[in-house]
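Peer 1: quick one: sequence and predicted model below, then my questions.
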Amino acid sequence: MAEPSLPLLAADCLAVIPARDEAATVGSVVVGVRAALGCQVLVVDDASTDATRAQACAAGAAALTLPLGLGAWGATQAGIRYAKRNGFAGVITLDADGQHLPESLPALFDAQRHSGAHLVIGTCVGRLSLAKRIAWRYLRLLTGLRLTDFTSGLRLYDRRAVDILAGPEASLLDYQDVGVLMLLAKQGLSIEETPVPMLPRRQGHSRVFASWWVVARYLLHTTVLCLAQLDAGRRHGHVSTGDAA
Amino acid sequence: MMLTGQITSAILGIGLTAAILFLVRRDHLHGPYAVWWFAVAAATFALGVFPTLVVWLGRVTGIVYAPVLPIIVGLSLILIRMLKLDIDRSKQERQIRRLTQKLAILEQELDRLGGRPERDPRSDIDEA
């Protein structure tokens, strides 16, 4: 098991916001994050066809523009690699659609300070749909990770997690969830959850939970992924759930 | 009857061999692919022109119904080839993703350090 993580200061971290065609909301999200944390904000424009990049820059964020769409995780990883290259102490990620409230971001830093976890996930338990509840129960069983929400995009990674996730091993993952969590658990990093309030999505929709067909395909992919490293979560069975019941 | 079958297989073998040789010579098949397909071309040519080879191979390997032998071997080789293809594709996908990310990061640095006027980087991609 890895050393506990040192407390992270928001000002030393980079906020990474992956965005595809989120011009309507990305500006206000950037402004909110800057006000709540006072840290630098990086919007990773995942080959958008609208003015996402311009809106992000206008709101005071730095922007990466991916020439090819890499999906939510590919965009997030680009931000993580940027953070590593530029020496940030940690990375906080959130969605560009405005469902994560900027005021709730400091709670992740509090949870990180108290737990010394390498990854803190902000989860909204009440929001989970039936499909998600069933899927999560299955994934808990499969991975051995005791988590209530596997796909939440609201996360705080410390430097060790950033180092691991910036590597090529994480580049073929398609979602930011189980594969990423298993990779970190395999390296002995600790994962913590903290409950946060979230808004329903104003724009767009979940890329993972769009329909039952997509859910089924996602679960199949994830099952195969997990079978390849079945023991990772169990070997490091120290993943704890914070005060989220 | 026998002769017709032999002519058919010879035509198929020579045709496939010629097509592969043409592609290799035109540089449409690269490196290890070229070697693989070259071997396939040679085997197809040999079996097509000398079908008695199959009978001989069947006797050697103990397969009673010899004509099924090339089918078994062929299918196995196709499976191996497809497996290798997907392994290569995964590797390339990883490289493409990382290059895409690196490109975006370096482009941002270029803008930041070079003081290039802010513009949409996508317009560069179309020119490239």
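Peer 2: Everything's here; your move.

Peer 1: rest of the way, CA atoms for contacts and neighbours
Peer 2: Will do.

Peer 1: helices and strands around the lengthiest helix in chain A, which ones?
Peer 2: Among the segments of chain A that qualify as a helix by DSSP state H, the longest is helix A:212-228. If you count contacts as 3 or more C-alpha pairs under 8 Å, 6 or more residues apart in numbering or on different chains; DSSP states H and E, helix A:212-228 packs onto helix A:130-143, helix A:178-186.

Peer 1: run the last query once more with 7 Å
Peer 2: The helices and strands touching helix A:212-228, judged by 3 or more C-alpha pairs under 7 Å, 6 or more residues apart in numbering or on different chains; DSSP states H and E, number zero.

Peer 1: mind listing what's buried in that helix?
Peer 2: Neighbour-count burial for helix A:212-228 flags A:215, A:218-219, A:222-223, A:225-226 (criterion: 16 or more other C-alpha atoms under 10 Å in any protein chain shown).

Peer 1: name the residues of chain A found near chain B, please.
Peer 2: Proximity of chain A to chain B (C-alpha under 7 Å from any C-alpha of the partner chain) is limited to residues A:64-68, A:70, A:78, A:82, A:171-172.

Peer 1: repeat the analysis, applying 10 Å as the threshold.
Peer 2: Applying C-alpha under 10 Å from any C-alpha of the partner chain, we find that chain A lies next to chain B at A:44-45, A:47-49, A:51, A:53-54, A:57, A:62-70, A:74-79, A:81-82, A:85, A:166-173.

Peer 1: what subset of the residues you listed is buried?
Peer 2: A:44-45, A:47-48, A:51, A:53-54, A:57, A:62-70, A:74-79, A:81-82, A:166, A:170-173.

Peer 1: tell me the contacts of A:L37?
Peer 2: Neighbour list for A:L37: A:9-11, A:13-15, A:102-103, A:105-106, A:109 [criterion: C-alpha atoms under 10 Å, 6 or more residues apart in numbering or on different chains].

Peer 1: and for A:A23, the neighbour number?
Peer 2: A:A23 has 21 neighbouring residues, counting by other C-alpha atoms under 10 Å in any protein chain shown.

Peer 1: verify the stated contact: it with A:A51.
Peer 2: Yes. Shown here, A:A23 and A:A51 form a contact pair, counting by C-alpha atoms under 10 Å, at 5.4 Å.

Peer 1: please name the nearest non-neighbouring residue to the residue nearest the centre of chain A.
Peer 2: The residue lying closest to the centre of chain A (C-alpha atoms, centre = their mean) is A:G153, at 3.6 Å. With sequence-adjacent residues excluded and distances taken as C-alpha to C-alpha, 6 or more residues apart in numbering or on different chains, A:G153 is closest to A:L94, at 5.3 Å.

Peer 1: tell me how far that neighbour lies from B:Q95.
Peer 2: Taking C-alpha to C-alpha, to the nearest Å as the measure, A:L94 falls 26 Å from B:Q95.

Peer 1: how about B:A39?
Peer 2: Distance from B:A39 to B:Q95, counting by C-alpha to C-alpha: 29 Å.

Peer 1: rewinding a little: ok, now which ones touch the residue nearest to A:G153?
Peer 2: A:L94 sits next to A:15-19, A:29, A:33, A:76, A:100-102, A:105, A:122, A:152-156 when contact means C-alpha under 10 Å, 6+ apart.

Peer 1: which phi and psi does it have?
Peer 2: Dihedral angles of A:L94 (phi, psi; degrees, to the nearest 10) stand at phi -150, psi 160.

Peer 1: I'd like the average pLDDT over the longest helix seen in chain B.
Peer 2: Scanning chain B for the longest helix, with DSSP H as the assignment, gives helix B:68-114. Averaged across helix B:68-114, the pLDDT comes to 89.

Peer 1: and that helix, how far from the chain's centre?
Peer 2: Computed by C-alpha atoms, centre = their mean, to the nearest Å, the chain-centroid distance of helix B:68-114 equals 13 Å.

Peer 1: repeat that for stretch A:64-83.
Peer 2: The chain centroid and the centroid of stretch A:64-83 are separated by 12 Å, computed with C-alpha atoms, centre = their mean.

Peer 1: per-residue confidence averaged over it?
Peer 2: Averaged across stretch A:64-83, the pLDDT comes to 95.

Peer 1: okay, it in PDB with CA atoms only?
Peer 2: The C-alpha coordinates for stretch A:64-83 follow below in PDB (Å, rounded to 0.1, in the frame of the first residue of the first chain):
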ATOM      1  CA  LEU A  64      -6.400  22.400 -25.000                       C
ATOM      2  CA  THR A  65      -8.100  21.500 -28.300                       C
ATOM      3  CA  LEU A  66      -7.900  17.800 -29.200                       C
ATOM      4  CA  PRO A  67      -7.900  17.500 -33.000                       C
ATOM      5  CA  LEU A  68      -9.600  14.100 -32.800                       C
ATOM      6  CA  GLY A  69     -12.400  13.300 -30.400                       C
ATOM      7  CA  LEU A  70     -11.000  11.000 -27.700                       C
ATOM      8  CA  GLY A  71     -14.000  10.800 -25.400                       C
ATOM      9  CA  ALA A  72     -14.400  12.000 -21.800                       C
ATOM     10  CA  TRP A  73     -11.500  10.000 -20.400                       C
ATOM     11  CA  GLY A  74      -9.100  10.700 -23.300                       C
ATOM     12  CA  ALA A  75      -9.800  14.400 -22.800                       C
ATOM     13  CA  THR A  76      -9.400  14.100 -19.000                       C
ATOM     14  CA  GLN A  77      -6.100  12.300 -19.500                       C
ATOM     15  CA  ALA A  78      -4.900  15.100 -21.800                       C
ATOM     16  CA  GLY A  79      -5.500  17.500 -18.900                       C
ATOM     17  CA  ILE A  80      -3.800  15.100 -16.500                       C
ATOM     18  CA  ARG A  81      -0.700  14.900 -18.700                       C
ATOM     19  CA  TYR A  82      -0.800  18.700 -19.000                       C
ATOM     20  CA  ALA A  83      -0.900  18.900 -15.200                       C
END
